[in-house]
Structures are given as structure tokens and as C-alpha cells.
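> no sequence for this one, just the structure:
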């Protein structure tokens, strides 16, 4: 149970990190395009 909770938390953090990176990359790209 405890291990699963840790894995879930890491998974959420990884997804959030990927999401943020993509958002920043796309946002930066659009800023330069404008």
C-alpha cells in the first residue's frame, strides 16, 4: 500500500513535470513567433 502510494506520487510528479516542460516549450515558441 505504502509503496503504491509513493509510485503514484512519483508518477503524478513526472506527468506534471512533462506537462510543464511541454507547456513552457510551446509557450516560449509562441512568444518568439509573435
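In hand now; what should we look at? From a predicted model like this one, the values you see are computed outputs, not experimental measurements.

> I'd like the distance from the helix or strand residue 14 falls within to the chain centre, please.
Here residue 14 is covered by helix 2-33, with elements defined by DSSP states H and E. When C-alpha coordinates are averaged (Cα atoms, centre = their mean, to the nearest Å), helix 2-33 and its chain have centres 0 Å apart.

> So residue 18 versus residue 2, what's the distance?
25 Å (Cβ to Cβ, to the nearest Å). C-beta here means a position set from N, CA and C on the backbone, and glycine is covered the same way.

> okay, those two: which has more neighbours?
Set side by side, residue 18 and residue 2 show more neighbours around residue 18, with 10 against 6, by other Cβ atoms under 10 Å.

> Around residue 14, how many other residues sit close by?
10.

> now swap in residue 15 and tell me
Around residue 15 there are 10 other residues, counting by other Cβ under 10 Å.

> Quick one: mean pLDDT over stretch 9-25.
Mean pLDDT, taken over the full extent of stretch 9-25, equals 90.

> Run through who's touching it.
Contacts of stretch 9-25 with the rest of the structure, by Cβ atoms under 8 Å, 6 or more residues apart in numbering, involve no residue at all.

> please renumber so the chain begins at 534
Taking 534 as the first residue, the last one we looked at is stretch 542-558.

> Name the residues of that stretch that are buried.
Going by neighbour count (16 or more other Cβ atoms under 10 Å), nothing in stretch 542-558 comes out as buried.

> how many neighbours does residue 540 have?
As a burial measure, the neighbour count of residue 540 was computed by other Cβ under 10 Å and equals 10.

> Next, work out how far apart it and residue 552 are.
The value you get for residue 540 to residue 552, if Cβ to Cβ is used, is 18 Å.

> And for residue 542?
Shown here: residue 542 relative to residue 552, a distance of 16 Å by Cβ to Cβ.

> Kindly report the same for residue 536.
In this structure, residue 536 and residue 552 are 24 Å apart, going by Cβ to Cβ.
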